[in-house]
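# Provided below are the primary sequence and the corresponding predicted coordinates.
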Amino acid sequence: MTTSTKKSEIVRKWHLIDAKGKTLGRMSSDVAELLMGKSKSYFVRNLDCGDYVVIINAKEVKTTGKKELQKEYFRYSGYPGGLTRETLQNLRIRKPQEVIVHAVKGMLPQNKLRDTMLGRMFVFKDADHTYGEKFKSEGIK
């Protein structure tokens, strides 16, 4: 008889990912898979089964082709003439963490669990992060 996964049975691990030299899209899909928990044997779509992910060196993530100049991010204030465009190159200078957050957010399912999944992802622009104790206990770092 198959049993359904309970919220109390979910085990969360911590993953440290160094974005230095990695391609944005390929890394983002791997991070999205970890946040969803799709690689776990007890994965179900209606529960948040994912792990914690810490990403360092966000400012050194790679993109291919002419994306630095051609890829644009939009935001709208709600007022007439309030559409703001920004290229990947400018966003990387201003907020390098947002590039990764935006890419991963687009790869997660568009449902009520997406915000809780994104809440377990921590992105840092440099190699310094505040979650070193989590990795020392598990022997990752």
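Sure, I can see it. Numbering: from 1, shown residues only.
# quick one: Ile10 from Tyr52, how far?
With distances taken as Cβ to Cβ, to the nearest Å, Ile10 is found 12 Å from Tyr52. In short, each C-beta sits where N, CA and C put it, glycine included.
# so where's the protein shaky on pLDDT?
Low-confidence segments of the chain (pLDDT under 70): 136-141.
# which parts of it are strands?
14-18, 52-56, 72-76, 83-87, 121-123 (DSSP state E).
# so which of the ones you listed is nearest Gly106?
The closest of the strands of the chain to Gly106 is strand 72-76. By Cβ to Cβ, the value is 11.2 Å.
# now do that closest one: distance to the chain's middle.
Centroid separation for strand 72-76 versus its chain: 19 Å, with Cα atoms, centre = their mean, to the nearest Å.
# if I look at the residue nearest in space to the middle of the chain, how far off is Ile56?
In the chain, the centroid-proximal residue (Cα atoms, centre = their mean) is Val104; its distance is 4.3 Å. Distance of Val104 to Ile56, computed by Cβ to Cβ: 15 Å.
# cool, and Tyr131?
10 Å.
# the two: who's more crowded?
Taking other Cβ atoms under 10 Å, Tyr131 and Ile56 do not tie; Ile56 has more neighbours (19 against 15).
# ok, residues contacting stretch 22-37?
Here stretch 22-37 makes contact (Cβ atoms under 8 Å, 6 or more residues apart in numbering) with 10, 15, 17, 19, 39, 43, 48-51, 53, 55, 61-64, 99-100, 103-104, 106-109, 117-118, 120-121.
# if anything else comes up later, I'll come back, but that's it for now.
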